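A.B. asks: turn this into a model:
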Amino acid sequence: MAVIDPDRTWAPLEKRLAETTDERHRRVLRIVIEHMKAEAVPDLDGLMRTLTPEPDYHFWNDGRDVGPKTYAGVRDYYQAFVESRSNILEFEIDRLVVDDHCVVTEGFLRQIYPGAYAAQLGFPVDDPAADYLIVFRQLLLWPIDEHGAIIGEDSYHSGPAEIRKLSREELPQTYIELVHADS
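C.D. replies: This next block holds a predicted model:
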């Protein structure tokens, strides 16, 4: 059985959207859901359409901000993300906060990485030809501008909580088609 179900990423936001009557909160939820779904496809142009003209990302690692800046910088980041084929993920959200200017999501980010890419990123993997599940505890702030576009992502994570080599049976069909289409 597949270890990842991307649909569970936006399910808590869709549930909140269905329960929310405040129109501004509905707007900020909708843009984040649109962004998440574009990331899962992956749809690079769709991702970029959810952002302000000058997005500013903050990825905090070891006390340093390593997030991409500017439209070109964020587009390059997402282009590399798409090319890495590591877009098959599930964000198991257990805390969701919504206000007029931000969505906050917190939970366990479960992501499948091709072994060679995981090694390139510095994860301790022993087989570059294998596929790995890497799990982080993550908090994401999604600031939204007055027009309802995403300003960026402010990401804080724990470092890997789990790194595990996956069997073929554990891989979602979408991942197999994306990464192992020739095998």
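A.B. asks: in the longest helix seen in the chain, what counts as buried?
C.D. replies: Taking DSSP state H as the criterion, the chain has its longest helix at helix 23-40. For helix 23-40, a neighbour-count test (16 or more other CB atoms under 10 Å) marks 25, 28-29, 31-40 as buried. (Each C-beta comes from the backbone N, C-alpha and C, glycine too.)
A.B. asks: and for stretch 86-103?
C.D. replies: Buried residues in stretch 86-103, counted by 16+ other CB under 10 Å: Ser86, Asn87, Ile88, Leu89, Glu90, Phe91, Glu92, Ile93, Leu96, Val98, Val103.
A.B. asks: where do the helices sit along this structure?
C.D. replies: For the chain, applying DSSP H gives helices covering 7-19, 23-40, 44-49, 70-84, 115-120, 173-179.
A.B. asks: can you put those in CSV and add distance to Trp60 and mean pLDDT?
C.D. replies: Listed next are these as CSV, based on distance: least, CB to CB, whole Å; pLDDT from 0 to 100:
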stretch, distance to Trp60, mean pLDDT
helix 7-19, 21, 97
helix 23-40, 19, 97
helix 44-49, 21, 96
helix 70-84, 15, 93
helix 115-120, 21, 92
helix 173-179, 28, 85
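A.B. asks: so for Ser155, which of those sits nearest?
C.D. replies: Minimum separation from Ser155 across the helices of the chain (CB to CB) falls at helix 70-84, 11.9 Å.
A.B. asks: please save the CA atoms from that closest one in PDB.
C.D. replies: Written as PDB, here are the backbone C-alpha positions of helix 70-84 (Å, rounded to 0.1, in the frame of the first residue of the first chain):
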ATOM      1  CA  THR A  70      12.200  37.400  -6.000                       C
ATOM      2  CA  TYR A  71       9.900  36.000  -8.800                       C
ATOM      3  CA  ALA A  72      12.800  34.600 -10.700                       C
ATOM      4  CA  GLY A  73      14.400  33.000  -7.600                       C
ATOM      5  CA  VAL A  74      11.200  31.300  -6.600                       C
ATOM      6  CA  ARG A  75      10.500  30.100 -10.100                       C
ATOM      7  CA  ASP A  76      14.000  28.600 -10.300                       C
ATOM      8  CA  TYR A  77      13.300  27.000  -6.900                       C
ATOM      9  CA  TYR A  78      10.100  25.400  -8.100                       C
ATOM     10  CA  GLN A  79      11.600  24.400 -11.500                       C
ATOM     11  CA  ALA A  80      14.300  22.500  -9.600                       C
ATOM     12  CA  PHE A  81      11.700  21.000  -7.300                       C
ATOM     13  CA  VAL A  82       9.700  19.800 -10.300                       C
ATOM     14  CA  GLU A  83      12.900  18.400 -12.000                       C
ATOM     15  CA  SER A  84      13.900  16.600  -8.800                       C
END
